[in-house]
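**Student:** give me a 3D structure for the following:
(3 chains)
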Amino acid sequence: MSSATRRDWLLSDQPASRRQARLGQAYRTWLAFRSNWLAMVGLGIVVLLILVALLANLIAPHDPLLGGDLRTERFLPPLSEGHLLGTDDLSRDIFSRIVHGSRLTLMVVVLVAVIATPIGLLVGTTAGYFGGWVDTVLMRVTDIFLAFPRLILALAFVAALGPGIENAIIAIAITSWPPYARLARAETLTIRDSDFINAARLQGASSARILWGHVTPLCLSSVIIRVTLDMAGIILTAAGLGFLGLGAQPPQPEWGAMIASGRRFLIDQWWVATMPGIAIFIVSLGFNLLGDGLRDVLDPKARK
Amino acid sequence: MHHSRKLLAATVAAFAFFSAPVVKAETPPDTLIQAWAIDDIISLDPAEIFEFTASEIAGNAYEGLIGYDPMDVTKIYGKIAESWEVAEDGMSISFKIKPGRTFASGNPITAEDVVFSLTRAVKLDKSPAFILTQFGLNAENVDQMVVQTGEDTVQFKMDKPYAPTLVLYCLTATVGFVVDKKLVMEHEANGDFGYEWLKTNYAGSGPFTVREWRANEAVVMERNANYSGDAPPMARVIYRHIPEGATQRLLLEQGDIDIARSLTAEEIDAVRANPDLKIMEGPKGSIYYLGLNQKNENLAKPEVRQAMKYLVDYQAIADTIMKGKVTVHQAFLPKGFLGALEETPFSLDVAKAKELLAAAGLPDGFSVTMDTRNTPEITGIAQAIQQTAAEAGVKIELIPGDGQQTLTKYRARNHDIYIGRWGPDYQDPHTNADTFARNPDNSDDAASKPLAWRNAWDIPDMTKEADAAVLEADATKRAEMYVKIQKEHQETSPFVIMFQEIEVSAMRSNVNGFIVGPSFNDNNYAHVTK
Amino acid sequence: MSDSTIDGGRGSALLRLLWKAAKLLATVALTFLGLLIVTFLIGRVVPVDPVLAVIGDRAPKSVYDRVFVELGLDRPLYEQFWIYLQKVFSGDFGESFLTKRPITEDIARVFPATLELATVAILIGTVLGIPMGVWAAVRQGRLADQVVRVLGLVGYSAPIFWLGLLGLLVFYARLNWVAGPGRIDIAYEYAITPKTGLLLLDSAMQGQWDAFRNVFSHIILPAALLGYFSMAYISRMTRSFMLNELAQEYVTTARVKGVPEWRIIWVHALRNAAVPLVTVVALSYANLLEGSVLTETVFAWPGLGQYITNSLQNADMNAVLGGTLLIGAIFVGLNLLSDLLYTLLDPRVRRQA
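**Tutor:** Numbering: from 1, shown residues only, chains lettered A, B, ... in the order given. Coordinates of the predicted model:
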């Protein structure tokens, strides 16, 4: 099948099978997405982040944790020999640290999404599906969590659990599910009384089965868009915790923590704090562009 | 569309008006402004003050019976006391009070105030009270132990004939400062000796009064109009809470502050190069050390303790990360103290450490955790040690935490290695011997928990030696006793003592007369001019 | 909203209103109770010994034990919580371990700093954000739209503490355009008598224009940064609301009638878009008021965010609980306010009244 015919097959007005219809839909979405060059830039950045994280060992020229000679290799400026982005106060190669730090960033994003999305879906769909006091109780709890400022709640959790990247992830996850729950609840309310749900109920499917098998998949796409849009926020929160000394801990090359330790040298050795800041900026911009583009093509309300 | 343009133009105009270069505001000529981290202040009551910042404030706002010359601590002189005399049996000291001096309130300073202040501190029994109670005083007997014996004489009795210098040095500590009885008792509530009031207020006689303490923001001090000595040139001294060294330096360079108190090594270098600024330094008694918990089976091995002492690159740290802020020092008595041992037998020697580890049955090293307070300097030192220890196979995992968190853990003996900083409580060698080389009861529910206890180091013999040194009246003999204890301590203890602190302040070059003393309550700005 | 569509008599309307108010009150009370429980539990789990914050490191055991009992830490958890609740209901929020002052006094001291910063920031964010959003909507898909979008995304993506540091480096240290960290230079600090605690207001009311300029030069950088972040959000929401309005029939009708385009955009469409925008602005304001911990840290701003963070790290739970309650109150209050404004402004609702 040549590319032209494959394209025609995908864009066919009369799909011959469900598979063709679905693939065709996906392809159209992709075409719409591809025409948005900003979104493509975002996608490129995210793909690059994943590649760098996977190949960190091959890319980084130096050990991210062990520094060189304290007396001769501290604070080498960017473009020094062997140190593209210079070295920090403990003679460590900043480029290598940023490359390895990408793993931490990726880990934070993925784990928070993996923890918070199911919690939000579960709470939201359950509340929306059952209604009544279940709804009241769950939504009240959600509101309580929403009434907290996010960073302070995360701070409180980290203070309780002890500083560290794992606890920062848990804390961020705990603070990020409420909006997903609200979203999932709203979506559930719109489909709760639809015919196919009623049909499933009449067939004797259990509530859990209906929730998991029918309701959740329908809420999933909007929640996922929302999560993607939140990813930059998650990265920034993690960096903020790192900056306050409550996230990833030294000597881990977490970008926020790198800025925090580099801020002391900002006036004379500006690169130590600036480079990881640029890294955070680029990556969260990438996620924002990607999320923005995704919303444009996937969310029918935003598509105009 | 033209509406939005107008709006935009108006906005731009407004910004242009305000963002014109700021007129540089110099600090007022009669006001000294210092930037420091003042978040350690928990009280302004001398009976409770124990922290660096509050000690310095008290040192400039209150007076004790006696003081010492910050340049030569062996020279003790009277402040509120005119003279003093040690009884022949060594069991008491009598003080004669200078006549005609007054508190800031205008009330005269009397023997009654002295007795009140000392008994009050013992009865309130706050954190620093042990400095007085270690001489056998307690809430029940203090009214018999500290007594007024004449119109202007006070007698201070003890349960044993302690070395006189020890007693005198203890009375120079903030806990021995004299408070205005009349003023304090006006604010007494529920028999608290005015404690609730005094912890945020002032009742002293020093060159400055404390006008205001805004926690984590500022402390404002004003010239004491009723001061009995020479009036200080500065009408006002203000501490601003600026924890960041970099921010302090910016403010200093801009002339927004006069003195920056917590600069890092890099900033000190930069300040040195700036002709508008100057550096003032003075050795402090604080000591940086590693505490190796003897409850950890690897660290409990004598060879491992020894090996750890060879795995720190003392000189490199002192020359780079901590440049200008510490000197290498490896005994528990800081330089300047009676009997301080200045030998530094240890340096980075990975091969030697490996040998020792092999002898301990750990040829491949071991893994261990280190609780690290998350301040930049402690973290920097910890990471440097982490790097060098790894060369001998000792894998140190840093567990950073806020000061209170790491301390909570340390006090519960739940750490492996703790990286700490210890400052002496008063100028006598006993203060550090008491905590580094004494451990009267190593059980988990011991009544006193000195550093030796916190690291579960059971030392009945060394405890006895330290106790004996306290009662030695002859200073030379006493110094010899401390040198002996330190030598043994250096070889066998689970303390890797690394550095002695140098306090560095950077100031505008027009600031003169700031005195940096060996302890924080000796830091003095009564004679500062600018 | 649904209630207002139901027709009913006068008496039942009053009853409904009361019922609604009661429900609202119960909701608010529940939220507060939940906030308290969560915060209280966190406080007890924090691995920090609160006694240490009171007595410091070197106190002997006897002092330690006494303070332990004084703080009520020897009682069971539920009892501690019950005691705290009783006190709160009688208006006593306790005393801070750290500052040794009543929590209410502390908060009255730190909150104006946050309020002032947040207010200036939201003004900047709104004044710039709304026109930008409108502009982007009118030029949808064209360069202007893209510029506004990218500006917004950049605002979403940059770590604020990093921008703050760079801002200080460039505008304060290098160019000397603005004043440094803190709220006011010491030289002016005693020129103003604090009345409201809002230094801009205080200095203006007392005619201290030099001090006013000094305060302004301190606040402008952090406020501009925070304002930029609000602007990103507000302009984006304005754009989408405006797109919605511009697609409505009444716009087409107005165009046919020959109403000038600027009037259609800035008067008709924007007035309708303003209704949901009020909520957006209120929410951004709430976010700013909750204390921008990071900005306050970078700019040494003695506000609520720093106060809570610092208290938290020292297990000063009375302070944390008090601060959290205030934040909860702000959040709930602004939500209610925006609901109210919504009802007042929404032409559909208004028409019925």
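**Student:** could you list every residue that touches C:Gly72?
**Tutor:** Applying CB atoms under 8 Å, 6 or more residues apart in numbering or on different chains, we find C:Gly72 in contact with C:Glu79, C:Gln80, C:Ile83. The C-beta positions use only the backbone N, C-alpha and C, and glycine is treated the same way.
**Student:** how does it look with 10 Å?
**Tutor:** The neighbourhood of C:Gly72, defined by CB atoms under 10 Å, 6 or more residues apart in numbering or on different chains, consists of C:Glu79, C:Gln80, C:Ile83, C:Tyr84.
**Student:** what subset of those residues is buried?
**Tutor:** C:Gln80, C:Tyr84 (16 or more other CB atoms under 10 Å in any protein chain shown).
**Student:** with adjacent residues omitted, what lies nearest to the residue of the stretch 101-250 of chain B found nearest chain A?
**Tutor:** With CB to the nearest CB as the measure, B:Ala246 is the residue of the stretch 101-250 of chain B nearest to chain A, at 5.2 Å. Once flanking residues are discounted, B:Ala246 sits nearest to A:Arg264: 5.2 Å by CB to CB, 6 or more residues apart in numbering or on different chains.
**Student:** and the residue of the stretch 101-250 of chain B closest to chain A, how many neighbours?
**Tutor:** B:Ala246 is flanked by 24 other residues according to other CB atoms under 10 Å in any protein chain shown.
**Student:** quick revisit: please name the residues that touch the residue nearest to B:Ala246.
**Tutor:** A:Arg264 neighbours (CB under 10 Å, 6+ apart): A:89, A:272-273, B:244-247, B:249, B:263-267, B:376-377, B:380.
**Student:** near chain B, which residues of the stretch 101-250 of chain A show up?
**Tutor:** Contact residues, the stretch 101-250 of chain A versus chain B (CB under 10 Å from any CB of the partner chain): A:Ala159, A:Gly162, A:Pro163, A:Gly164, A:Leu244, A:Gly245, A:Leu246, A:Ala248, A:Gln249, A:Pro250.
**Student:** most neighbours of all the contacts of A:Arg264, which one?
**Tutor:** Highest neighbour count within the contacts of A:Arg264: B:Arg249, with 30 neighbours (other CB under 10 Å).
**Student:** which residues touch that residue?
**Tutor:** Going by CB under 10 Å, 6+ apart, B:Arg249 touches A:264, A:266-268, B:35, B:242, B:257, B:260, B:262-264, B:266-268, B:270-271, B:274, B:277, B:506, C:173.
**Student:** which element is it on?
**Tutor:** helix B:245-254 (DSSP states H and E).
**Student:** count the residues that sit near residue 186.
**Tutor:** Because you didn't say which chain, this covers chain A. Residues near A:Ala186, counting by other CB under 10 Å: 13.
**Student:** that's the wrong chain, I wanted chain C
**Tutor:** 20.
**Student:** again, but for C:Gly322
**Tutor:** Neighbour tally, C:Gly322, other CB under 10 Å: 24.
**Student:** hang on, it in a helix?
**Tutor:** Yes. Assessed with DSSP: H, G, I helix; E, B strand; the rest coil, C:Gly322 lies in a helix.
**Student:** leaving out chain neighbours, which residue sits closest to it?
**Tutor:** Per CB to CB, 6+ apart, closest to C:Gly322 is C:Ile103, 3.8 Å.
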